[in-house]
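[1] For reference, the sequence and a predicted model appear below.
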Amino acid sequence: ELHAAGSAKYQAGQFLAAEELYRAALQRDPRHVRTLCNLGALLHNTKNQYAEAERFYHAALAEDPTDLVTLYNCGLLLEASSDGSVEALHRAEDMYRRALERDPNHVDSLVNRACLRHLVRGDLDGAEQMFIRALKIQPNHVDGLCNYAMLLRDGRGRPDQARELVRHA
């Protein structure tokens, strides 16, 4: 299968070959959610082709609006391509919200949404609740520990607690 071959090439770091195989797979089945998502991820992560990657993510979401991987990846893309645009960061947060509707225990979505709640919205309480929830699920999540530490240090004025979390990370 072309999609599986493309994924194998992607994992092996052979990005040009992976892209060609994904595009060939989409010629056969232009609505294949995983291929649309993976091609979007490849364009986003290896080529910084954000606009084209976003088109593939949205095509995947048109087929399956609840696909967890696509929702999460699209959130990452919107953050990476935001250039500080509050609107884009709110759209990214919405993707993480939708991912959490699909899987309330998706730790990476919890952590990323918590970061946006803290840094974009200034919602320390909401962000802290999400960090705590994420760290209950995955206590050694490095990004969660470090970002929660930043909230405690900068937002709550609790540098000693923040240092403990960083040590744990």
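    That came through fine. A quick note: this is a predicted structure, and the numbers were derived from the prediction, not measured.
[2] Now do residue 68 against residue 92, distance only.
    Distance from residue 68 to residue 92, counting by C-beta to C-beta, to the nearest Å: 15 Å. Heads up, the C-betas are built off the backbone N, CA and C, glycines and all.
[3] ugh, wrong one, I meant residue 166
    Counting by C-beta to C-beta, the gap from residue 166 to residue 92 is 25 Å.
[4] more neighbours, the two?
    Applying other C-beta atoms under 10 Å to residue 166 and residue 92 shows that residue 92 carries more neighbours, namely 25 against 16.
[5] For this structure, which segments count as strands?
    For the chain, no strands are identified by DSSP state E.
[6] Which helix or strand in it has the lowest average pLDDT?
    Scoring the helices and strands of the chain by mean pLDDT, DSSP states H and E places helix 159-168 at the bottom, with a mean of 93.
[7] mind saving the C-alpha coords of that helix as CSV?
    Extracted in CSV, the C-alpha atoms of helix 159-168 (Å, rounded to 0.1, in the frame of the first residue of the first chain):
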residue,chain,number,x,y,z
PRO,A,159,9.6,29.8,42.6
ASP,A,160,10.4,27.0,45.1
GLN,A,161,7.6,24.9,43.8
ALA,A,162,8.7,25.7,40.2
ARG,A,163,12.3,24.6,41.0
GLU,A,164,11.0,21.3,42.3
LEU,A,165,9.1,20.6,39.1
VAL,A,166,12.1,21.5,37.0
ARG,A,167,14.3,19.1,39.0
HIS,A,168,11.7,16.4,38.5
